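Trainee: sequence plus the predicted model coming up.
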Amino acid sequence: MSNANEKRQAGEAAIRYVEDGAIVGVGTGSTVAFFIDALADLKDRIQGAVSSSEQSSAQLKKHGIPVLDLNTAGPLSIYIDGADECDPHKRLIKGGGAALTREKIVAEASQKFICIIDSSKRVDVLGTFPLPIEVIPMARSLVGREIVKLGGQPVWRDGVVTDNGNWIIDVHGWRITDPVALEKQLNQLPGIVTVGLFARRPADVVLMGSQEM
């Protein structure tokens, strides 16, 4: 089965977790785009969505799905998003689309996090996909030097500015055997806004194609 078919299956399978009257947290990316298309059929049964990116907000609005502000929406029952990598413990690397900060905020605000992936995203140990880190622009070199001390190879994603006005560093060369500890360690560095490790708060359910892992 092609990755595109698996992504479509995962996006459509996530619909079964959406309850009537819900405000749905919606992530970003190619797999989520299939979910948003499927969510359009339920738009009269939900209150609306909280979106993690301008890209997803535009797609939601195109379907006539109200996009709500998280501050007024309060706690969410469900968050649907993809991942760049997923390990057997449902811990993730995210941020390939540079929306990691808003994604992590919406995931934290949600009671249940459903991660939708195709089989190419499944790994035994995180780190083959470079770890995205969102940084305050003035801290790019500082954070890069600290990453080198930790054995990583930082590469500035030149030309990319996040929806929050910040920059992305992609860290190559890490085999992340303890993602919870690394996430905690990196979160202490001044200038880092968000680390693309979703390990302290992993996914609750992972759908690979139509199958729950």
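Mentor: Sure thing, it's come through.
Trainee: so where's the protein shaky on pLDDT?
Mentor: 1 (pLDDT under 70).
Trainee: can you list the domains in it?
Mentor: 3-123+201-212, 131-196 (automatic domain parsing).
Trainee: just checking, next helix/strand downstream of the lengthiest strand in the chain?
Mentor: Longest strand in the chain, counting residues (DSSP state E): strand 110-117. Using DSSP states H and E, the helix or strand that follows strand 110-117 in sequence is strand 131-135.
Trainee: could you tell me the angle between whichever helix or strand comes after that following strand and strand 131-135?
Mentor: Next in sequence after strand 131-135, counting helices and strands by DSSP H and E, comes helix 140-149. Interaxial angle of helix 140-149 relative to strand 131-135 (axes from the mean of the first three to the mean of the last three CA atoms, to 10 degrees): 150 degrees.
Trainee: other SSEs contacting helix 140-149?
Mentor: strand 131-135, strand 153-156, strand 167-172 (3 or more CB pairs under 8 Å, 6 or more residues apart in numbering; DSSP states H and E). The way it works is simple: take the backbone N, C-alpha and C, and place the C-beta from them, glycine included.
Trainee: distance from that helix to the middle of the chain?
Mentor: 23 Å (CA atoms, centre = their mean, to the nearest Å).
Trainee: do the same with stretch 121-135
Mentor: 12 Å.
Trainee: and that stretch, which residues are buried?
Mentor: Lys121, Val123, Leu126, Gly127, Phe129, Pro130, Leu131, Pro132, Ile133, Glu134, Val135 (16 or more other CB atoms under 10 Å).
Trainee: contact partners for Pro179?
Mentor: Asp87, Arg91, Leu126, Leu197, Ala199 (CB atoms under 8 Å, 6 or more residues apart in numbering).
Trainee: could you dump these to a markdown table with distance to Gly25 and secondary structure?
Mentor: What follows is those, written out as a markdown table (distance: CB to CB, whole Å; DSSP: H, G, I helix; E, B strand; the rest coil):
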| residue | distance to Gly25 | secondary structure |
| --- | --- | --- |
| Asp87 | 22 | coil |
| Arg91 | 19 | coil |
| Leu126 | 23 | strand |
| Leu197 | 19 | strand |
| Ala199 | 19 | coil |
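Trainee: picking up where we left off before, out of the domains of the chain, which one sits most buried?
Mentor: domain 3-123+201-212 (a mean of 20; mean count of other CB atoms under 10 Å).
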